[in-house]
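Participant: here's a sequence, model it:
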Amino acid sequence: MEAPLLAAHAPKKRKFDRVDGQESPGSSSAGDGVSLDFINNLPDAVLCTIISLLRTKDGARTQAVSRRWRPLWRSAPLNLVADSTLSGQERKRVVYVSKILAEHPGPALRFEIPYIRERYYDKTECWLRSQALSNLQELVFGYDGEDSLPSSRPLLPPSALCFAPTHHVASFRGCRFPDLSAQSLNFPHLKELRLSMVTMSNFSAPSLNFPHLKQLTLYGVSILGDALHSMLTGCLTLESLLLQNNVGIGRLQLVIEDAPRLERLLPLSPDDGPRTIQVIRAPKLQVLGLLSDGISKLHIGTTVFQEMTAISLTTTMHTMRILVIDSIGPNLDSVIGFLRCFPCLERLYVISHLRKEMKNVRKYDPLDPIQCLERHLKKVVLKNYFGNRPDANFAKFFILNAKVLDEMNFGVFTNCNDKWMSNKTGGYSWTIEHPEMLDLNSKVLSGVLSQITSIPTIWQWRIPLRTPSDDAFGSHSEDYIAFICLPSSLKLSHPSNSL
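Facilitator: This is a model prediction of the structure:
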């Protein structure tokens, strides 16, 4: 009889000496008749669910556990991930995938080929038509190599779109969508779609229908503005839209006409479009960014910002909680315009680009209060802080006037030493002049600043104001925004280190 698939590659079992009196697994405990082998007491349906959650190699190896387990892998929904965990060699991965699809009868939960060379196009086309992938719910497909020009990217196998009726999650990378002008392709169950380094024609995008899509991510996608607008028109359940480094939409006017569930709007590369963003109705929008002068016009209802400057402030959006902006200066007047537009903002991230002639000497007028500063703003993060007067005045405004501010973070790209600390922090005595407004005395504040040490590339420090926050990084949206706005050269090991 042929050995179970991949069983030959399983590690040898280790024998452990039992302590005197200890019973082996599966035997009854002393006198109570209760089996100690709880796993084997589970019903087959539960075991199949467990197997489908294991890595592909580990799931296949369960066939070698016992006679009872041998048929379970074939009964469990297939979870086939053809990455380095299956094998470090592409040639072996191809062999393993073919064997698994030949031996497993289906259905399939997940099929992931994150990187494969174009030379295996015919092989992948055959895989995607396998009976083992019937009712596939999650598909991740990508070609190896991201440097190809949009026009020369290899064609996505048409069979990859055969699972449209059953898809819940789909991700495509490094490919070119086939021409779908002669048909309309409906994805009735798709909740999450990620396109990376994908080329889509004007004939492909309008043919794709996503009536229940919740998350759409477009990274490095070559797509014209009209095609993107056609894709978004029918996405009435969309909750998150992320656009980054896309090609062909530089002159696009992105219009959010009616997005009743949209919570996160993330144009992360404003210089690559869209140039104009118009949000007509998004009653649940909570997270917005990255905004910069690369967006020539931003319409929030009837409020208009032109190159980050408020032209008219006639509409306020009370649902907004997190804002990320890229500010040259930094420009305090520009930021205040956004604070007035979003009166319930709780977290503000500012990526600063120093402009020495910027003064930021604006005074807060208590007779013209800003609701955000009076009641809601709890956290401010200032990236690229150099300690020059525009930076210090900018930070000073928030620390003195944000009345419920719990925490302010500074991200600095420089080497820091005692001289720098003296020049860039102690040189502006406002941090010690008004301890009653900070709920910190000068000794405590000096103690916080004295903990800063020199780190060659980047570091941050926090000044906890009033009382420490119990949930400094409690929002996944905040962690995500803070992370994706960092430079690509910076490596973070955990979102809690984000600036």
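Participant: when you work out contacts or count neighbours from here on, use the C-alpha atoms and nothing else.
Facilitator: Fine.
Participant: any idea how far T314 is from G337?
Facilitator: In this view, T314 and G337 are 11 Å apart by C-alpha to C-alpha, to the nearest Å.
Participant: those two - which one has more neighbours?
Facilitator: G337 (18 against 12; other C-alpha atoms under 10 Å).
Participant: what strand or helix carries the more buried one?
Facilitator: helix 332-341 (DSSP states H and E).
Participant: now do R281
Facilitator: Using DSSP H and E, no helix or strand contains R281.
Participant: now the closest residue to it other than its chain neighbours: how far from L149?
Facilitator: Distances taken as C-alpha to C-alpha, 6 or more residues apart in numbering place D258 nearest to R281, at 5.0 Å, with adjacent residues excluded. The gap separating D258 from L149 is 35 Å, by C-alpha to C-alpha.
Participant: more neighbours: which of the two?
Facilitator: Just comparing D258 and L149: by other C-alpha under 10 Å the higher neighbour count belongs to D258, 15 against 11.
Participant: doesn't the more buried one lie inside a helix?
Facilitator: No - judged by DSSP: H, G, I helix; E, B strand; the rest coil, D258 forms no part of a helix; its state is coil.
Participant: quick check: it vs F338, distance?
Facilitator: With the distance defined as C-alpha to C-alpha, D258 ends up 22 Å from F338.
Participant: next secondary structure after the strand or helix carrying L288?
Facilitator: Element membership for L288 (DSSP H and E) is strand 287-291. Where DSSP H and E defines the elements, the next helix or strand beyond strand 287-291 is strand 297-300.
Participant: shaky segments in the stretch 301-450 of the chain?
Facilitator: Along the stretch 301-450 of the chain, segments meeting pLDDT under 70 span 413-450.
Participant: ranges for the helices of it?
Facilitator: Assigned by DSSP state H, counting those that start in this stretch, the helices in the stretch 301-450 of the chain fall at 332-341, 371, 389-401, 418-421, 430-433, 435-438, 442-450.
Participant: now do the stretch 101-250 of the chain
Facilitator: Shown for the stretch 101-250 of the chain, the helices assigned by DSSP H, counting those that start in this stretch span residues 121-128, 225-233.
Participant: mind checking which of those is nearest N384?
Facilitator: Smallest distance to N384 across these (C-alpha to C-alpha): 32.8 Å, for helix 225-233.
Participant: now find how far off-centre that closest one is within its chain.
Facilitator: How far helix 225-233 lies from its chain's middle: 22 Å, per C-alpha atoms, centre = their mean, to the nearest Å.
Participant: and the contacts of it?
Facilitator: 201-203, 205-206, 208-210, 248-249, 251-255 (C-alpha atoms under 8 Å, 6 or more residues apart in numbering).
Participant: among those, which ones are in strands?
Facilitator: Among the contacts of helix 225-233, the residues falling in strands (DSSP state E) are L208, N209, Q253, L254, V255.
Participant: got the contact list for the second one?
Facilitator: Right, the one you point to is N209. Shown in contact with N209 (C-alpha under 8 Å, 6+ apart): S184, L185, N186, F187, P188, M231, G234, C235.
Participant: ok, now the last one?
Facilitator: If a contact means C-alpha under 8 Å, 6+ apart, then V255 has H229, I277, Q278, V279, I280 as its contacts.
Participant: bridging residues for it?
Facilitator: Note on V255: beta-bridge partners by DSSP bridges are Q278.
Participant: in stretch 87-107, what counts as buried?
Facilitator: Under the neighbour-count criterion of 16 or more other C-alpha atoms under 10 Å, stretch 87-107 has E90, R93, V94, Y96, V97, S98, I100, L101, H104, P105, G106, P107 buried.
Participant: which two among those residues are spaced furthest apart?
Facilitator: That would be E90 and P107, which, of the buried residues of stretch 87-107, are the farthest apart (C-alpha to C-alpha) at 24.8 Å.
Participant: sorry, back to before: which strands and helices sit next to the helix holding G337?
Facilitator: With contacts taken as 3 or more C-alpha pairs under 8 Å, 6 or more residues apart in numbering; DSSP states H and E, helix 332-341 sits against strand 309-312.
Participant: adjacent strands (with direction) for the strand it packs on?
Facilitator: Sheet partners assigned to strand 309-312 using DSSP bridges are listed as strand 303-306 (antiparallel).
Participant: next one: the strand it pairs with to chain centre, how far?
Facilitator: 27 Å.
Participant: same deal with stretch 159-171?
Facilitator: The answer for stretch 159-171 is 21 Å, by C-alpha atoms, centre = their mean.
Participant: and for stretch 50-67?
Facilitator: For stretch 50-67, the distance to the chain centre is 30 Å (C-alpha atoms, centre = their mean).
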